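Undergrad: sequence plus predicted model, see below.
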Amino acid sequence: MRLEITCQDRLGIAEEVLRIISNQQINLRGVEIDLAGVIYLSLPTLPFEALQSLLPAIRHIVGVKDVRTVACMPVEREHHEFLALLATQPTPVLSTDIKGNISIANEALLKLLGVSSDEFIGSAFSHWFKGINLARWLQEDDRAPHSQMLRWHSQEACADILPIEILEEEGNNVVGALVCFKLSQRETKPSDLNQAKTIDFSDIFTVSPSMKHVIRQARHLAKLEAPLLITGETGTGKELVAKACHFASSRADKPFLVLNCAALPDSVAETELFGYVQGAYSNDPESGKKGLFEQANGGTVLLDEIGEMSATLQVKLLRLLQDGTFRRIGGEQVVKVNVRIMCTTQKNLPALCQQGVFREDLFYRLNVLSLALPPLRVRKGDIVPMAEHFLKRFSLSLGEQLVLSKACGNLIQQYPWPGNVRQLENAVYRAASMAEGRELSPEDLHLPSYASGYGYFDHAFEGSLEEATKRFESELLTRLYPAYPSSRLLAKKLGVSHTAIAKKLKEYGIGKHRAST
């Protein structure tokens, strides 16, 4: 069982609580203290008579405001939330200790390598991956986050490598590394390129007339060979529609490969798309590599977030669209392929053309056929049925029979859903994972308040401007710290001194300053 003790921030109050636990000969399993002055205790399940004695004794301590049982400790909740997020994260991720031994890996990475967790966890990073001596890098003075090409078996991919640091007053202590693989979103095994999961238009859940109209258009455009541009806000299902168009076309038995133009550095994206010849890179003199266009010959290549493509790649893509030819990096031989190009974007490409960011001639080449996916807020008829559809699917995996309450249905019907279908799915998954009953309530969803044109806001705001500023600072630093896990990295990101950031991290208890035992 778990107890939550709300109390004043008084010296010695925790010691008095622990003395009562000891005097009553209760086995204390864990203690956690947060910055708001709340003490959490992890205890074995106690009989009713023991609770009748324990709770009043704690309440009589000077400064204790309330004592109640809770479902879990904050660290336990964070741990389970982390495992749930990691399990559903499509990006392969791993972490290592300071010696380069693998300590955590998600399911996406295990599937990528085709290994079990028992076989992988605890082994050396160097046993699986080539391209960097991670153990040596962790011992170097300069351990700035960077991107690196990594190789394993007959595959390779770009990966973001970041040091895991604990903030110390005398400096940052590196305890390991985080490695996030940036795949081109093709199937994880080369032998499976032609065996991607078939997606049919019937797999796209919708009951709204506006989305059904888009699906009818897509069924017709899927049979054509010209480039297809799919626009829509984030989370509207652009890639899902593109994949359905591929499998409804005459190219269905050929590869469907994806490159996220916003996820990779320019040089890596060029390598992924066009490949390189033998000897093009000094650190890889013995082999060349086929790019996505060659691998997908006869099939489809989807360029996700085409508005983020660099000017250099835009020129090379324009040449490919004109005659189907290109040259590998470092090569002189012209390669000719037959691929259909599909693109997605949430940006206004005509506006980018006017700004000189996106080539106007390339836009006209890509915008031969187009689909515009409506946001969820204008497809209100889809919201509740889609949430129930997601909840039914999650219930099966969780072994529960969960339903939406009427109040919950009313809330999601009125919410603007700036993240669209992806945000709805994630919100339902989180609520289903953490719900304590069988009926989801509005409180289970934890939806942030949002106003179109103004973004997220707190309609129940209380307090002074100074308090609001501190809350914003705390939330911002908490959100950024995992990606920039040191005062120097955060300071560089935010444009302030690392001393100021270090003080803020200490003030808000972020990083090593979290009070937990």
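TA: Noted; the coordinates are in hand.

Undergrad: count of neighbours near the residue nearest to residue 224 when sequence neighbours are not counted?
TA: Among residues not flanking residue 224 along the chain, residue 369 sits closest, at 6.2 Å (Cβ to Cβ, 6 or more residues apart in numbering). Backbone N, C-alpha and C define where each C-beta goes, glycine included. By other Cβ atoms under 10 Å, 19 other residues sit near residue 369.

Undergrad: sec struct for residue 418, please.
TA: coil (DSSP: H, G, I helix; E, B strand; the rest coil).

Undergrad: tally of neighbours for it?
TA: 18.

Undergrad: and it, what are its phi and psi?
TA: phi -60, psi -20 (degrees, to the nearest 10).

Undergrad: ok, the helix or strand where residue 156 lies: who's next to it in the sheet?
TA: When elements are assigned from DSSP states H and E, residue 156 belongs to strand 155-168. In the sheet, strand 155-168 lines up against strand 146-152 (antiparallel), strand 171-182 (antiparallel) (DSSP bridges).

Undergrad: mean pLDDT, distance to residue 76 and mean neighbour count added to those strands, as TSV?
TA: Shown next, in TSV, are the strands paired with strand 155-168 (pLDDT from 0 to 100; distance: least, Cβ to Cβ, whole Å; neighbours: other Cβ atoms under 10 Å):
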stretch	mean pLDDT	distance to residue 76	mean neighbour count
strand 146-152	82	34	16
strand 171-182	83	22	18
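
Undergrad: burial count for residue 297?
TA: Residue 297 has 17 neighbouring residues, counting by other Cβ under 10 Å.

Undergrad: list the contacts for it?
TA: 254, 337, 338, 339 (Cβ atoms under 8 Å, 6 or more residues apart in numbering).

Undergrad: wait, is residue 293 part of a strand?
TA: No - checked against three-state DSSP, residue 293 lies outside a strand; its state is helix.

Undergrad: which one is it nearest to, not counting chain neighbours?
TA: Residue 293 sits nearest to residue 337 (Cβ to Cβ, 6+ apart), 5.1 Å away.

Undergrad: any idea what residue 161 is bridged to?
TA: Beta-bridge partners, per DSSP bridges, of residue 161: residue 146, residue 179.

Undergrad: what sits against it?
TA: 132, 134, 137, 145, 146, 147, 148, 177, 178, 179.

Undergrad: please redo it, this time with the cut-off set to 10 Å
TA: The contact partners of residue 161, by Cβ atoms under 10 Å, 6 or more residues apart in numbering, come to 96, 131-132, 134, 137-138, 143-148, 150, 177-180.

Undergrad: same thing with residue 244?
TA: Counting by Cβ under 10 Å, 6+ apart, the residues that residue 244 touches are 198, 199, 200, 201, 202, 203, 204, 215, 218, 219, 222, 237.

Undergrad: list buried residues within these.
TA: Of the members of the contacts of residue 244, the ones counted as buried by neighbours, 16 or more other Cβ atoms under 10 Å, are 199, 201, 204, 218, 222, 237.

Undergrad: residue ranges with poor pLDDT in the stretch 251-400 of the chain?
TA: 280-287, 397-399 (pLDDT under 70).

Undergrad: switch the cut-off to 50
TA: Applying pLDDT under 50 to the stretch 251-400 of the chain flags residues 285.

Undergrad: quick one: residue 19 is in a strand?
TA: No - in this structure, residue 19 is helix, not part of a strand, as judged by three-state DSSP.

Undergrad: and it, how many neighbours does it have?
TA: 13.

Undergrad: can you give me the helices in the stretch 1-150 of the chain?
TA: Taking DSSP state H, counting those that start in this stretch as the test, the helices found in the stretch 1-150 of the chain are 13-23, 48-59, 74-88, 107-113, 117-120, 125-128, 134-139.

Undergrad: which of those has the lowest average pLDDT?
TA: Mean pLDDT is lowest for helix 74-88 among the helices of the stretch 1-150 of the chain, at a mean of 74.

Undergrad: touching that helix from outside, list them.
TA: Counting by Cβ under 10 Å, 6+ apart, 2, 4, 30, 32-34, 38, 40, 42, 70-73, 93, 104-109, 425-426, 429-430, 432-434, 514, 516-517 sit against helix 74-88.

Undergrad: check the spatially closest residue to residue 150 that is not a sequence neighbour and give its pLDDT.
TA: Excluding its sequence neighbours, the residue lying closest to residue 150 (Cβ to Cβ, 6+ apart) is residue 131, at 4.3 Å. Listed pLDDT for residue 131 reads 84.

Undergrad: tell me the spacing between residue 131 and residue 125.
TA: Distance of residue 131 to residue 125, given as Cβ to Cβ, to the nearest Å: 11 Å.
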